[in-house]
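Engineer: dropping the sequence and predicted coords here.
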Amino acid sequence: MKFLLLFLATSLFASDLRVLVPLSPAGSFEAKGKIINGNVYSKGGKFFAKNMFVVSKNLKTGIGLRDDHLYKRLDVKKHPKIKVLKAIGKNGKGTALVEIRGVKKKVPFKFSKKGSSKVSFDMDIKLSEFKFDKKKDGLSYMGVGVKDKITISGILNSSKYIAKKKTKSARSIASQK
């Protein structure tokens, strides 16, 4: 029965991730994990991130059997990571290229700066867009099922973007003489 997932990272330190999974007809559960890789930069009101992932098997719901169900649905042997390949945002909104179970989709997200080195984010994922099927994937048990939309949120460590100055190489300087 249970579910999922993911997202966003930091340039040097693990960042916390929370996944809220609503159930039908009522209730919810939360999976927690760490974003352990990637680069997150901000400059002014802009946000840039790439190469972030969560190890699928490190997501924990607090109940071992539910964790096992989650790992089965995520197919952790074939797809050990949930990835954010690239995310770009401006003025508190953006789009991320997310990969879950080998399916890549653009997903909108919201973000805000928290102090000088933190960025918080929220995104909604539709499981059906990542080819999760309620019946085929067994996303319900004894009349309780996972809703199609889950919410992923977290706080990321961020670096200020510093553009590298282009310098002339010794070879190009010598060729100009």
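Structural biologist: That came through fine. Residues are numbered from 1 along each chain as shown.
Engineer: how about the helices in this protein?
Structural biologist: Taking DSSP state H as the criterion, the chain carries its helices at 64-74, 170-175.
Engineer: need the least confident one among these, by mean pLDDT.
Structural biologist: Across those, helix 170-175 has the smallest mean pLDDT, namely a mean of 48.
Engineer: any buried residues in stretch 106-124, and which?
Structural biologist: Within stretch 106-124, the residues that qualify as buried are 107, 109, 111, 118-119, 121, 123, counting by 16 or more other C-beta atoms under 10 Å. All C-beta atoms are positioned from the backbone trio N, CA, C, and that covers glycine.
Engineer: so which of those is the closest to Lys135?
Structural biologist: For these, the minimum distance to Lys135 (C-beta to C-beta) is 23.9 Å, reached by Val107.
Engineer: local confidence estimate at that closest one?
Structural biologist: So Val107 comes in at 97 (pLDDT).
Engineer: ditto for Ala163
Structural biologist: In this model, Ala163 carries a pLDDT of 45.
Engineer: low-confidence ranges in this protein?
Structural biologist: 1-14, 159-177 (pLDDT under 70).
Engineer: touching the longest strand seen in it from outside, list them.
Structural biologist: Across the chain, the longest stretch assigned as strand under DSSP state E is strand 103-114. With contact meaning C-beta atoms under 8 Å, 6 or more residues apart in numbering, strand 103-114 is reached by 42, 47, 85, 87, 89, 92-98, 119-125, 129-131, 155, 158.
Engineer: all strands of this protein, in order?
Structural biologist: 15-24, 28-35, 39-43, 46-55, 81-90, 93-100, 103-114, 118-126, 140-141, 144-146, 149-157, 159-160.
Engineer: the ones you listed: which one's closest to Arg66?
Structural biologist: The nearest among those, by C-beta to C-beta, is strand 28-35 at 6.8 Å.
Engineer: can you show me the CA trace of the closest one as CSV?
Structural biologist: In CSV, the C-alpha atoms belonging to strand 28-35 read as follows (Å, rounded to 0.1, in the frame of the first residue of the first chain):
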residue,chain,number,x,y,z
SER,A,28,-2.3,10.5,5.8
PHE,A,29,1.2,9.5,6.6
GLU,A,30,4.6,11.1,6.2
ALA,A,31,7.8,9.8,4.8
LYS,A,32,11.1,11.5,5.8
GLY,A,33,14.5,11.4,4.1
LYS,A,34,17.6,13.2,3.3
ILE,A,35,18.8,14.9,0.1
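Engineer: which other helices and strands contact that strand?
Structural biologist: Packed against strand 28-35 by the contact rule (3 or more C-beta pairs under 8 Å, 6 or more residues apart in numbering; DSSP states H and E) you find strand 15-24, strand 46-55.
Engineer: many thanks, I have nothing further to ask.
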